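# next one to model:
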Amino acid sequence: MIKPVEPSTRSDLVSYPIRDIVVEAKKLERSGTKMLYLNIGDPAPYGFKPPKHIIEAVREALADARYTGYAPSEGDPQLREEIAKYEGVEPQDVFVTSGLSEGIDFLFNALVDPGRNILLPLPSYPLYLTKQRLAYGPLEFYNCDENYEPDLDDMRKKITQYTKAILVINPNNPTGKVYSRKTLEGIVNIAGEYGLPIISDDAYEHIVFTEEYVNLRKIAKDVPLVSGNSLSKNYVYPGARVGYLAFHGDKWDGVKAAVQRLCNQRLSVNWEMQRGYLAALRGGLDHVKEFNKTIRQNLDVLMKRVEETEGLQVVRPGGAFYAFIKVESKKWKNDWAFVRELLKHGVVVVPGSASGPVNGVYFRVVFLPSADIINKAFDIISRVV
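The predicted structure is shown next:
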């Protein structure tokens, strides 16, 4: 008798609740429950489109036979030059990846041996948790205060001999927090004190509603820094799957060699989409003003609904397009119980524990949908709470 094929034990370490929850939602949808999806940070389903000059560049590349083969493994040379100018590094410091997600994967593979770890913010983007587990290292988090500003004293306490780097996500996913210059300078000083590099996740760099935003590349001084970015959010084109890593400073030679090997083994990133990213960087950011204006209006609606709902509490996001909402009611055993109850009523959100061991019941929502959808969702949420 042929036995069922067993998956690897290692595969049990993989989870991505932002999409895992959709599997449960689709089952209910097939049985007739209509769903309002507030779980994933994809602008396209809500009517947002990439700027026309990016689409046109991709269209031109698709018609050009030069871009039908494998691209250089480390990325299109012109794109690397343009990214290098933007980041203030040399082209050889830049590696183009299949979205920033692949860049995150490459960093863990290049930096983290079993038993070692990257120090993560709490809460954090769920992909980092999965990659840390797959690296067979301990999950270690530095806490944030009640307004989601990193706790620098706690960061110091959490650094050990096994810490390989400090991760900063700014603006933060899932909280939307934009960190103050003072906090960022403090992180740089701590990293310098302990001789650690900083990983700066800049995926939402231009989606900011506050004037205090500061990028770490401007203040890192002599601390080794790697900046990760992509076409997905800042240019409203997540389906393109193009991102990059940019290494700042002269201490990265071994890691860059490792990342080059990782690029080589997966061959290349879609060349036509890389040409789109080149056009994006050359074409400016005029689209961001209108995009930010629209989602800020959506945020105003969301904040009003949270404030009106007894048992919910949220810190107003300063950037990105997520809100991390606390459920203060004691009737819920955990966040999954709350989220699954919402599913039964047709609202899809992400459980807060996807972002780490947060204290309490939280859920993450996007405010990309229209005011009408947000209001419909919160009509349901307010009844369930």
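# for this structure, which helix is longest?
Secondary structure assigned by DSSP state H gives helix 286-308 as the longest helix of the chain.
# elements contacting that helix?
strand 312-314, strand 322-327, helix 371-384 (3 or more Cβ pairs under 8 Å, 6 or more residues apart in numbering; DSSP states H and E). Using the backbone N, CA and C atoms, a C-beta is placed for each residue, glycine as well.
# go again using 7 Å as the cut-off
Counting contacts by 3 or more Cβ pairs under 7 Å, 6 or more residues apart in numbering; DSSP states H and E, helix 286-308 packs against helix 371-384.
# for the helix it packs on, buried residues please.
Ile373, Ile374, Ala377, Phe378, Ile381, Val384 (16 or more other Cβ atoms under 10 Å).
# which one of these sits closest to Tyr16?
Nearest to Tyr16 among the buried residues of helix 371-384 is Ala377, at 21.9 Å by Cβ to Cβ.
# contacts only, for that closest one.
Shown in contact with Ala377 (Cβ atoms under 7 Å, 6 or more residues apart in numbering): Leu36, Leu38, Val347.
# and the first one, how many residues sit next to it?
Taking other Cβ atoms under 10 Å as the criterion, the count of residues near Leu36 is 21.
# is Met21 in a helix, a strand, or coil?
Heads up, residue 21 is Ile, not Met. helix (DSSP: H, G, I helix; E, B strand; the rest coil).
# roughly how far does it sit from Val349?
Separation of Ile21 from Val349 (Cβ to Cβ, to the nearest Å): 8 Å.
# what sits in contact with each of the two?
Asn39, Val339.
# which parts of stretch 132-139 are buried?
Applying 16+ other Cβ under 10 Å to stretch 132-139 flags Gln132, Arg133, Leu134, Ala135, Gly137, Leu139 as buried.
# now for those: which two are most distant?
Leu134 and Leu139 (11.4 Å).
# need the buried residues of stretch 132-139 in a markdown table with secondary structure and distance to Ile159, can you?
As requested, the buried residues of stretch 132-139 are exported to a markdown table (DSSP: H, G, I helix; E, B strand; the rest coil; distance: Cβ to Cβ, whole Å):
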| residue | secondary structure | distance to Ile159 |
| --- | --- | --- |
| Gln132 | helix | 15 |
| Arg133 | helix | 20 |
| Leu134 | helix | 22 |
| Ala135 | coil | 17 |
| Gly137 | coil | 14 |
| Leu139 | coil | 15 |
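# rebuild those residues as a markdown table, extending it with pLDDT and distance to Gly32.
A markdown table is the format used below for the buried residues of stretch 132-139 (pLDDT from 0 to 100; distance: Cβ to Cβ, whole Å):
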| residue | pLDDT | distance to Gly32 |
| --- | --- | --- |
| Gln132 | 98 | 39 |
| Arg133 | 97 | 36 |
| Leu134 | 97 | 38 |
| Ala135 | 96 | 42 |
| Gly137 | 94 | 44 |
| Leu139 | 97 | 39 |
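# out of the residues you listed, which comes closest to Val358?
The closest of the buried residues of stretch 132-139, once distances to Val358 are taken by Cβ to Cβ, is Leu139, at 12.9 Å.
# quick check: the gap between the residue nearest to the closest one when sequence neighbours are not counted and Leu152.
Distances taken as Cβ to Cβ, 6 or more residues apart in numbering put Gln132 closest to Leu139, at 5.4 Å, once the chain neighbours are dropped. Distance of Gln132 to Leu152, computed by Cβ to Cβ: 21 Å.
# next one: Gln78
40 Å.
# what's the answer for Val366, then?
Taking Cβ to Cβ, one finds Val366 at 29 Å from Leu152.
# between those two, who's got more neighbours?
Val366 (25 against 16).
# list the beta-bridge partners for the more buried one.
With DSSP bridges as the criterion, Val366 is bridged to Tyr322.
# which ones are touching it?
Val366 neighbours (Cβ under 7 Å, 6+ apart): Leu38, Ile40, Gly41, Phe321, Tyr322.
# drop anything exposed from these.
The buried subset of those - by 16+ other Cβ under 10 Å - is Leu38, Gly41, Phe321, Tyr322.
# out of those residues, which one has the weakest pLDDT?
Among the buried ones among the contacts of Val366, Gly41 carries the lowest pLDDT, at 93.
# any idea how far that one is from Tyr125?
10 Å.
# now do Gly249
Applying Cβ to Cβ, the value for Gly249 to Tyr125 is 24 Å.
# out of the two, which sits in the more crowded spot?
Neighbour totals were compared for Gly249 and Tyr125, and Tyr125 leads with 25 against 15 (other Cβ under 10 Å).
# give me the distance between the nearest residue to that one once chain neighbours are set aside and Val350.
Nearest non-adjacent residue to Tyr125, counting by Cβ to Cβ, 6+ apart: Asn173, 4.7 Å away. Here Asn173 is placed at a distance of 10 Å from Val350 (Cβ to Cβ).
# burial count for Lys85?
Lys85 has 14 nearby residues by other Cβ under 10 Å.
# quick check: which element contains it?
helix 77-87 (DSSP states H and E).
# so which elements touch whichever helix or strand comes after that helix?
Using DSSP H and E, the helix or strand that follows helix 77-87 in sequence is strand 94-97. Here strand 94-97 touches helix 77-87, strand 243-248, going by 3+ Cβ pairs under 7 Å, 6+ apart.
# from those, which stretch is densest packed?
A comparison of those by mean neighbour count, using mean count of other Cβ atoms under 10 Å, puts strand 243-248 on top with a mean of 25.
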